[in-house]
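Undergrad: Need a 3D model of the sequence below.
(one chain, ligands or ions: 1)
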Amino acid sequence: MNLSDLTLRSFHDGLRGKKFSALEAVQEHFKAIRAKDPGIHAYLTLLEEDATGIAGQVDESLAKGDQLAPLAGAPLAIKDNFLIKGHQATAGSKILEGYTASYDAHVIEKLKSERAVFLGKTNLDEFAMGTSTENSAFGPTKNPHDLERVPGGSSGGSAAAVAGNLALAALGTDTGGSGRQPAALCGVVGFKPTYGAVSRSGIIALGSSLDQVGILAKTTEDVAMLFRAIAGHDPMDATSVAVRYDKDLIEPDIKSMRGLTIGVPKEYFIDGIAPDVREGMDTAMRQLKDLGFKFKEISLPHTKYAISVYYVILPAEASATLARFDGIRYAGRPELPNNFTAPRGAGFGPEPTRRIILGTFVLSAGYYDAYYKKAQEVRTLVKDDFVQAFKEVDVIFAPTAPSSAFKIGEKSDDPLKLYLEDAFTIPVNLAGIPAVSIPVRGRTGLPVGFQLIGRHFREADILGIGRIYEEAQK
Ligand code: GLN
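TA: Numbering: from 1, shown residues only. Have a look, this model is predicted:
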């Protein structure tokens, strides 16, 4: 049995059935990481000592006959913008190089309480700004399907770790698509919960009205296992909501699911979509129809404004969240003459710098109404489109990204081209609703993902349909 090939579910079952030990699984993952990661560069830091220690404890509990939590011993990868106490957290930036986290993110605490195993911290675009992982200050990650191509971003390291069998599943973040788009480009499942479903405490903020945790996994069932473990209220994140997620997340009620109607927004099937993505969407729709799902054309008329709105609101928020990195607390460089601001100039790469300048501009007294306030108003229109659509349909179907994995360097000199990558994921963040990207099955060539978008707190609908889709392909 290849232990790095498993899903979270089959890992849990195999571990409980004593087919292998947690330690064996961890060791096999590190063997795979040493063999393959020099070529992929999914990881920035490995946590081998901690991982081995926890796995050993899980094995001891198992030997004693203790009940195991669903994620006990599961080898996971964590994006390097999550804090894990005692370990470096860089967010892909030079400004945080050498910074050690002094506490655990809320979701890390939750996973620790199940004794999940953290193999290491994964690469990302600097402060999660990007769609290709080329903006990392520590060099790009490569797509395991083709090492000359990008894995998507900004959770490119997490997506590549799962796709390359270097972790069973991973955490990322999703502010404008960073969990779903890299999943689509790497051929894995990528999930963004409802805004408020999961606490962001201890995750390095990018845009606080948009940020959510992302989950990258091999199946929607595995997504549900992880989601159930990390969802819930946390007093340290005022936006987090106490919603009870029922058992139907893990065991969807197949009969009631088949009656759901899937909307297809005409604004998402535009000329800019690459031929392989279009073909993938046709295939997935046909497969879903064969499974008995009904499709209906809908309209989300304000979709065309989403990118413009996002690139006003996000930089505005980022200019505020990044203000804390002041060179005294984080990148202390006493040799620089003005050690408050000079390390910011030296520490931030081009993309954060661009967004700080843009964000400061749109928030400035003379321009606030014209840009920031206007963008907030249009954001409401984008959100209302979904409210209207969900009166007619239960779930929305869309491509995740307009293209499959592109070549490293192909778009990196043109930020606008990269911004367009998120045309289909950003509206979901603006509206705060959940979505999952699922690989289209039965394809040859580069992976393509389709999105299922759901109503607020109806993660069960999109994950349930995903589950039916995946199981039909087995
Ligand atoms: N690609 C988008 C950006 O560059 C989204 C990033 C994200 O979701 N973290 O901002």
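Undergrad: Using PDB, write out every CA atom in stretch 304-324.
TA: Extracted in PDB, the C-alpha atoms of stretch 304-324 (Å, rounded to 0.1, in the frame of the first residue of the first chain):
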ATOM      1  CA  LYS A 304     -18.300  42.100 -15.100                       C
ATOM      2  CA  TYR A 305     -17.600  44.600 -12.200                       C
ATOM      3  CA  ALA A 306     -16.300  42.000  -9.700                       C
ATOM      4  CA  ILE A 307     -12.600  42.200 -10.500                       C
ATOM      5  CA  SER A 308     -12.600  46.000 -10.500                       C
ATOM      6  CA  VAL A 309     -14.500  46.100  -7.200                       C
ATOM      7  CA  TYR A 310     -12.100  43.600  -5.700                       C
ATOM      8  CA  TYR A 311      -9.000  45.500  -6.800                       C
ATOM      9  CA  VAL A 312     -10.300  48.600  -5.000                       C
ATOM     10  CA  ILE A 313     -11.500  46.900  -1.800                       C
ATOM     11  CA  LEU A 314      -8.800  44.300  -1.400                       C
ATOM     12  CA  PRO A 315      -5.800  46.800  -1.700                       C
ATOM     13  CA  ALA A 316      -7.700  49.200   0.700                       C
ATOM     14  CA  GLU A 317      -7.900  46.500   3.300                       C
ATOM     15  CA  ALA A 318      -4.500  45.200   2.600                       C
ATOM     16  CA  SER A 319      -2.900  48.600   3.100                       C
ATOM     17  CA  ALA A 320      -4.500  48.600   6.600                       C
ATOM     18  CA  THR A 321      -3.700  45.000   7.500                       C
ATOM     19  CA  LEU A 322      -0.100  45.300   6.300                       C
ATOM     20  CA  ALA A 323       0.500  48.500   8.300                       C
ATOM     21  CA  ARG A 324       1.400  46.400  11.300                       C
END
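Undergrad: how far is it from where the chain is centred?
TA: For stretch 304-324, the separation from the chain centroid amounts to 18 Å (computed by C-alpha atoms, centre = their mean, to the nearest Å).
Undergrad: Buried ones in that stretch, by neighbour count?
TA: 305-307, 309-322 (16 or more other C-beta atoms under 10 Å). Every residue, glycine included, has its C-beta placed from N, CA and C.
Undergrad: Can you report how many residues lie near R329?
TA: R329 has 9 neighbours, counted by other C-beta atoms under 10 Å.
Undergrad: just use 51 as the starting number from now, easier for me
TA: With 51 as the first residue, the last one maps to R379.
Undergrad: Against G514, how distant is it?
TA: 45 Å (C-beta to C-beta, to the nearest Å).
Undergrad: now A370
TA: Taken as C-beta to C-beta, the span from A370 to G514 is 38 Å.
Undergrad: and L56, how far is that from the ligand?
TA: L56 sits 28 Å away from the ligand, going by C-beta to the nearest ligand atom, to the nearest Å.
Undergrad: likewise V498?
TA: Using C-beta to the nearest ligand atom, one gets 18 Å for the distance from V498 to the ligand.
Undergrad: residue contacts, the residue lying closest to that residue once chain neighbours are set aside?
TA: Closest residue to V498 apart from its sequence neighbours, by C-beta to C-beta, 6 or more residues apart in numbering: G330 at 3.4 Å. G330 sits next to P449, V490, R493, V498, G499, F500 when contact means C-beta atoms under 8 Å, 6 or more residues apart in numbering.
Undergrad: Any chance of these in CSV with pLDDT and secondary structure as columns?
TA: Formatted as CSV, these follow (pLDDT from 0 to 100; DSSP: H, G, I helix; E, B strand; the rest coil):
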residue, pLDDT, secondary structure
P449, 97, strand
V490, 98, coil
R493, 89, coil
V498, 98, coil
G499, 98, strand
F500, 98, strand
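Undergrad: Scan these and report the most crowded one.
TA: Counting by other C-beta under 10 Å, top hit in the contacts of G330: G499 with 29 neighbours.
Undergrad: Would you agree that one is in contact with P489?
TA: Yes. Taking C-beta atoms under 8 Å as the definition, G499 is a contact partner of P489 at 5.4 Å.
Undergrad: list the residues that contact both of these two?
TA: By the contact definition C-beta under 8 Å, 6+ apart, G499 and P489 are jointly contacted by A233, A234, G237.
Undergrad: what sits against the residue positioned nearest the centre of the chain?
TA: Nearest to the mean C-alpha position of the chain, by C-alpha atoms, centre = their mean, lies G229 at 2.0 Å. Going by C-beta under 8 Å, 6+ apart, G229 touches S205, G222, T223, G240, F241, K242, Q262, V263, G264, I265, L266, S487.
Undergrad: And those residues, which is closest to the ligand?
TA: Nearest to the ligand, judged by C-beta to the nearest ligand atom, of the contacts of G229 is T223 at 5.6 Å.
Undergrad: how about the strand or helix carrying the closest one, does it get close to the ligand?
TA: Assigned by DSSP states H and E, T223 falls within strand 219-224. Yes. Interface with the ligand: strand 219-224 contributes T223, D224 (C-beta under 6 Å from any ligand atom).
Undergrad: Restricting to C-alpha, output that strand in PDB.
TA: The C-alpha coordinates for strand 219-224 follow below in PDB (Å, rounded to 0.1, in the frame of the first residue of the first chain):
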ATOM      1  CA  ALA A 219      -4.700  17.300   2.500                       C
ATOM      2  CA  ALA A 220      -3.800  20.900   3.200                       C
ATOM      3  CA  LEU A 221      -5.000  24.200   4.500                       C
ATOM      4  CA  GLY A 222      -4.800  27.300   2.400                       C
ATOM      5  CA  THR A 223      -6.600  30.600   2.400                       C
ATOM      6  CA  ASP A 224      -9.100  32.000   0.000                       C
END
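Undergrad: average model confidence for it?
TA: Mean pLDDT, strand 219-224: 98.
Undergrad: starting at the chain centroid, how far to the worst-scoring helix or strand of the chain on mean pLDDT?
TA: Scoring the helices and strands of the chain by mean pLDDT, DSSP states H and E places helix 392-397 at the bottom, with a mean of 80. Here helix 392-397 is found 28 Å from its chain centre; the criterion is C-alpha atoms, centre = their mean.
Undergrad: which parts of it are buried?
TA: P393, R394, G397.
Undergrad: if we take those residues, which one ends up nearest to G148?
TA: G397 (11.2 Å; C-beta to C-beta).
Undergrad: I'd like the distance between that closest one and Q138.
TA: Counting by C-beta to C-beta, the gap from G397 to Q138 is 15 Å.
Undergrad: And the closest residue to the ligand within the stretch 51-200 of the chain, how close does it get to F375?
TA: In the stretch 51-200 of the chain, the residue that lies nearest the ligand is A178 (3.6 Å; C-beta to the nearest ligand atom). Separation of A178 from F375 (C-beta to C-beta): 14 Å.
Undergrad: Please say which of those two ends up with more neighbours.
TA: Applying other C-beta under 10 Å to A178 and F375 shows that A178 carries more neighbours, namely 32 against 22.
Undergrad: The nearest residue to that one once chain neighbours are set aside in helix, strand or coil?
TA: Once flanking residues are discounted, A178 sits nearest to S204: 4.2 Å by C-beta to C-beta, 6+ apart. Here S204 is recorded as coil under DSSP: H, G, I helix; E, B strand; the rest coil.
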